[in-house]
Every structure is written in C-alpha cells, then in structure tokens.
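> Next input, structure requested:
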Amino acid sequence: MDRVNRFSLINPAKSPIFYGYIILIVGSLGIYFSIPGQTIGVSIFTDPVKDALGLSRNQFSNAYMIGTVLSSLCIGRAGIWFDRYGARYTAFFAALTLAVALLLSSWSLTMSNLVKHAFDIDSWMVPFTVMTLLFFLIRFSGQGVLTMASRNMIMIWFDKNRGKVNAFSGIAISFGFSSSPLWVNFLIEEYRWDGAWRILALALLVFSILILQFYKNRPEEHGLLPDGADAPDNTQTEVKEVRKQYTLQQAKATRAFWMYGLMLAFNSFFITGLTFHVVSIFANEGYPKSEAISIFLPASVVAVTISSIFNYLSDYLSLKLYLYLMLFGGIMASLGLLLLSSPVGIYFLIAGIGILGGFFAVLNAIAWPRFYGRDHLGSITGKIMGLIVFASALAPSVFSLCFSTFDSYGLLGYLALAFLLFLVVGSIKADNPQ
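Just a heads-up that it's a prediction; the model follows:
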C-alpha cells in the first residue's frame with residue numbers, strides 16, 4: 001500500500017464513498033486540462049503567434065502538422081509506460097511536460113531571435129523549427145499522453161458501469177471543450193498570447209500536484225474492485241472467465257481494432273481540419289465569420305445529447321450498432337461540406353459533426369477495455385491514439401493544400417465519402433473479439 005500511495009496523502013481504501021467516483025472527477029479534469037494541447041486550444045493562438053513570429057498560415061500549419069506527426073509516432077511508447085508505471089506517474093509527467101512546453105512556447109519569439117542573432121540567420125526556418133519542436137511537445141503530452149492516461153484510468157476503475165460513468169465524463173468534457181475558445185481568447189486579449197501560455201503553464205503545474213495526490217492506477221492495488229463491487233472472489237472469477245486479456249499484437253490481428261480505429265481517426269481528421277479552417281471554408285461559400293463559428297454550439301448540443309444517451313445504453317447494446325451510426329454521421333458531415341452553399345448543407349454539417357463527436361466520446365472510451373480487457377489497455381489505446389493524432393496532424397495541411405490547389409474544399413467531401421464507404425463494407429465483420 002505504501003508503494004502505490006507514494007507521495008500521496010489520499011488512501012482510496014479509507015474513502016467514505018467508492019473511490020472510483022473521485023477517479024471519475026479528477027480523470028475528467030485531466031482530460032479538460034489537456035485543452036492547451038488539443039486543436040481547439042492551439043487554434044486560438046494561430047493568428048497572434050504566426051504574426052509575431054513572421055510565419056505564413058501555411059508555414060504555421062505545416063509546423064503544427066510535422067510536430068503532431070512526430071508526436072503520433074511516440075504515443076505508442078507512452079501506452080507501454082502506462083501499462084508499466086500506471087496512470088498516476090504517466091499523467092503526472094505528461095502534465096509537467098505540457099506545462100514546460102507551454103512556458104517555452106511563450107518564449108518562442110525570444111528563442112527565435114536569439115538563434116537568428118547567434119548564427120546570423122534571418123530566415124523563416126528558425127521560428128518554423130522552434131514551433132515544430134514545441135508543437136511536438138505540446139501535442140505529445142497534451143492531446144496524447146495526458147488524455148490517454150486520464151481516460152484509461154477512469155475505464156479501469158469501472159467495468160459494468162463504464163457507459164454510465166463515461167456519460168457523466170462526456171457531458172462535463174464536451175461543455176468544457178466547447179466553452180474553451182471563449183476563455184482562451186479572453187486570456188490572449190487580456191495578457192497577450194505569451195502571457196496566456198504562461199498562465200496555462202502555471203495552471204498545469206498546480207494540476208500536476210493534484211494528479212500525484214488523487215490519481216490511482218487500479219482499484220485492486222488498494223483492496224478494491226471495479227464498480228465498488230462487494231464480493232471480491234466472485235467478481236474477480238467472473239471477470240477472468242468472461243474477459244480475455246489481449247496483447248497489442250493480438251488486438252491488431254482482429255478486424256475490430258482497425259475498423260473502429262480508422263473510424264475514430266477519420267473523426268479526428270475531419271473535425272480538426274474543419275475547426276482549423278472553418279472561417280475560410282465558410283467564407284469560400286460567401287458566409288461571414290460569425291456564421292462559421294456559430295455551428296459549433298448546436299453541434300456540441302447534438303454531440304452531448306448523443307454521448308449522454310448512448311453512453312448509458314452502451315452497457316446494454318452492441319458497439320457495432322454505434323460504429324454504423326457514427327459512419328452515418330460521417331456521411332452526413334461529408335455531404336454537408338459538399339452542399340455548404342445551401343442552408344441544407346449547414347444543417348447536414350452541424351448534425352454530422354455532432355453525431356461524429358457524440359459517438360467518438362463513447363467508442364474511444366468504451367470499445368477498447370470491452371473488446372481487449374484491462375491488462376494491456378495502455379499499449380492498445382496508445383496505438384489507437386497514435387492513429388488519431390496522426391490523422392489530426394495531417395488535416396490542417398491537407399485542407400489547406402486542397403483549397404490552394406482547387407480553390408475549393410469540395411474534393412475533401414468526395415474523398416471522405418469514398419473512405420467511409422470502405423469502412424461501411426469493412427466493418428460488416430468487425431465483431432467484438434470477446
């Protein structure tokens with residue numbers, strides 16, 4: 001008990017309520033604190049930072065893409081760290097790394113100028129390289145490791161009630177993420193972009209201490225069981241009989257791993273690209289900036305409603321139904337992009353990204369422990385997170401390239417529909433490996 005509670009004053013075994021509910025709250029906070037490393041948290045900084053560093057929009061997008069691609073290649077290793085060291089230490093060092101990365105980002109202009117003067121170089125490559133390295137740290141620690149460790153920890157503390165607790169977590173996170181552009185923008189306007197990053201870094205330093213106190217790896221380490229079960233022997237026997245504990249290699253040999261993973265990656269690609277270029281996408285069809293930004297609130301309402309209902313029902317329904325409903329949402333969103341010149345296209349786009357976001361919140365949390373067990377959850381979700389982050393890395397540049405080449409975003413709609421048709425066919429036999 002002393003080893004698993006090292007550096008912490010909190011003992012889950014002495015908690016007056018099942019400690020899993022504390023895990024649910026702090027784990028959801030952990031995902032919320034990853035916002036500075038998420039696209040929605042980075043995109044607000046795009047214009048002031050690129051202008052300060054003297055980078056074009058394409059150069060800034062490419063720095064973001066390269067840094068994110070590099071981070072996606074390393075997230076699988078972080079999943080192995082999760083399996084070896086647990087959520088507590090993995091999340092702690094992720095939060096600490098994100099805080100340091102944000103602090104360094106606030107000094108990116110100073111660092112770029114120092115390098116230029118030291119080597120007598122006056123080139124955009126200097127700030128480009130600096131931001132690429134910083135984006136690698138921000139995306140790896142924020143969107144990747146902190147999010148993965150916090151979500152996995154919640155799923156490990158629950159089994160039969162995973163859907164219900166993920167419904168609560170999903171609602172809190174969805175509203176938190178949808179409101180984040182407002183308060184991030186407020187920080188930038190009040191304290192400039194560099195001051196805003198320093199404030200966020202300080203908040204993460206404080207939160208890393210809370211992680212060390214409240215995050216706990218597994219209920220069994222503290223004499224407890226998932227869901228707060230009262231009958232240890234019976235429950236443990238039942239779980240062992242029903243659940244095969246898949247390794248990463250065994251999971252990759254199943255069709256479900258790739259079909260669900262690719263669907264989640266598609267969601268990340270489409271939503272990231274849309275979010276990053278939403279003003280340009282709508283302006284190309286003659287809409288003002290206010291119209292472009294306004295789609296996210298109703299889409300969030302759709303996403304929260306769907307994730308709440310279907311998270312709760314996921315304890316009783318097949319996830320394959322969810323996969324096809326998510327595919328339907330992707331098709332609607334793709335058609336919305338193609339038909340954006342008409343009001344119908346806007347409605348399709350709002351409904352589509354809402355459905356995508358709602359089912360993403362369910363499947364990305366529920367599918368992996370249900371399909372493959374808890375013992376190697378870190379390495380399995382680390383691989384999936386790598387796919388998701390890689391897709392999000394490509395999106396801004398692919399969207400930008402499509403527009404600069406064809407003067408339209410329409411081609412992306414057709415490519416998305418073709419990819420989704422492939423997933424519709426490929427998912428016919430993507431059954432639960434258990």
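> Just give me the residue right at the centre of this protein.
What sits nearest the mean C-alpha location of the chain, by Cα atoms, centre = their mean, is Q143, with 5.1 Å.
> Next up, the contacts around that one.
Applying Cβ atoms under 8 Å, 6 or more residues apart in numbering to Q143 gives the contacts S34, G37, Q38, T39, T68, S71, V389, S392. For glycine as for every other residue, the C-beta is placed from the backbone atoms N, C-alpha and C.
> That one - nearest residue in space that isn't next to it in sequence?
Closest residue in space to Q143, ignoring its immediate chain neighbours: G37 at 4.7 Å, by Cβ to Cβ, 6 or more residues apart in numbering.
> isn't the one you found right next to L98, touching?
Yes. Contact criterion Cβ atoms under 8 Å: G37 and L98 qualify, at 5.6 Å.
> Give me the common contacts of these two.
Joint contacts of G37 and L98 (Cβ under 8 Å, 6+ apart) are I138, S141, G142, L146.
> and which of the contacts of Q143 is nearest L104?
Checking those against L104 by Cβ to Cβ gives G37 as the nearest, at 13.4 Å.
> and that closest one, how many residues sit next to it?
G37 has 29 neighbours, counted by other Cβ atoms under 10 Å.
> With V165 instead?
Per other Cβ under 10 Å, the neighbour tally for V165 reads 24.
> cool, and K14?
Other residues lying near K14 total 8 when counted by other Cβ under 10 Å.
> again with the one 4 residues further on
A count of neighbours around F18, defined by other Cβ under 10 Å, yields 19.
> repeat for I173
Neighbour count of I173, defined by other Cβ under 10 Å: 24.
> The residue nearest to it when sequence neighbours are not counted sits in which helix or strand?
Leaving aside its sequence neighbours, I173 sits nearest to I31 (Cβ to Cβ, 6+ apart; 5.3 Å). According to DSSP states H and E, I31 maps onto helix 20-32.
> Likewise for I366?
helix 343-372.
> now the biggest helix by length in the chain and helix 343-372, what's the angle there?
For the chain, the longest helix by residue count, based on DSSP state H, is helix 162-214. Helix 162-214 and helix 343-372 meet at an angle of 70 degrees, taking axes from the mean of the first three to the mean of the last three Cα atoms, to 10 degrees as the criterion.
> Now do helix 162-214: which elements does it pack against?
Counting contacts by 3 or more Cβ pairs under 8 Å, 6 or more residues apart in numbering; DSSP states H and E, helix 162-214 is packed against helix 20-32, helix 39-42, helix 46-53, helix 57-106, helix 147-156, helix 296-313, helix 343-372.
> For that helix, what is the distance to the chain centroid?
Using Cα atoms, centre = their mean, to the nearest Å, the distance from the centre of helix 162-214 to the centre of the chain it belongs to is 13 Å.
> Likewise for stretch 248-260?
From the chain centre to the centre of stretch 248-260 is a distance of 20 Å (Cα atoms, centre = their mean).
> and R77, how many neighbours does it have?
14.
> tell me the contacts of it?
By Cβ under 8 Å, 6+ apart, the contact set of R77 is G382.
> ok, back up a step: what's the mean pLDDT across the longest helix of the chain?
Taken as a whole, helix 162-214 has a mean pLDDT of 90.
> relative to helix 57-106, how tilted is it?
Helix 162-214 and helix 57-106 are oriented at 40 degrees to each other (the same axes, to 10 degrees).
> Which residues are in contact with V279?
So V279 contacts K289, A292, I293 (Cβ under 8 Å, 6+ apart).
> of these, closest to H117?
Using Cβ to Cβ, K289 comes nearest to H117 of those, at 37.7 Å.
> what's the distance between the closest residue to the closest one other than its chain neighbours and I271?
Of all residues not flanking K289 in the chain, V279 sits nearest, at 5.2 Å (Cβ to Cβ, 6+ apart). Using Cβ to Cβ, to the nearest Å, one obtains 15 Å as the distance from V279 to I271.
> With F136 instead?
For F136, the distance to I271 equals 21 Å [Cβ to Cβ].
> again, but for G358
12 Å.
> quick one: which of those two has more around it?
Between G358 and I271, G358 has the larger neighbour count (other Cβ under 10 Å), namely 28 against 21.
> now the more buried one, nearest residue through space, not along the chain?
Closest residue in space to G358, ignoring its immediate chain neighbours: I306 at 2.8 Å, by Cβ to Cβ, 6+ apart.
> number of nearby residues for the one you found?
By other Cβ under 10 Å, the residues close to I306 number 25.
> Quick one: work out the angle between the next helix-or-strand element following the helix holding I366 and helix 147-156.
As assigned by DSSP H and E, the chain's next helix or strand after helix 343-372 is helix 377-406. Put simply, helix 377-406 runs at 140 degrees to helix 147-156, going by the same axes, to 10 degrees.
> For the helix or strand following helix 377-406, which outside residues touch it?
Going down the chain from helix 377-406, the next helix or strand is helix 410-426, by DSSP H and E. Residues from elsewhere that reach helix 410-426 (Cβ under 8 Å, 6+ apart): 255, 258-259, 262-263, 266, 270, 273, 324, 327, 330-331, 333-335, 337-338, 398-399, 402.
> All set now, cheers.
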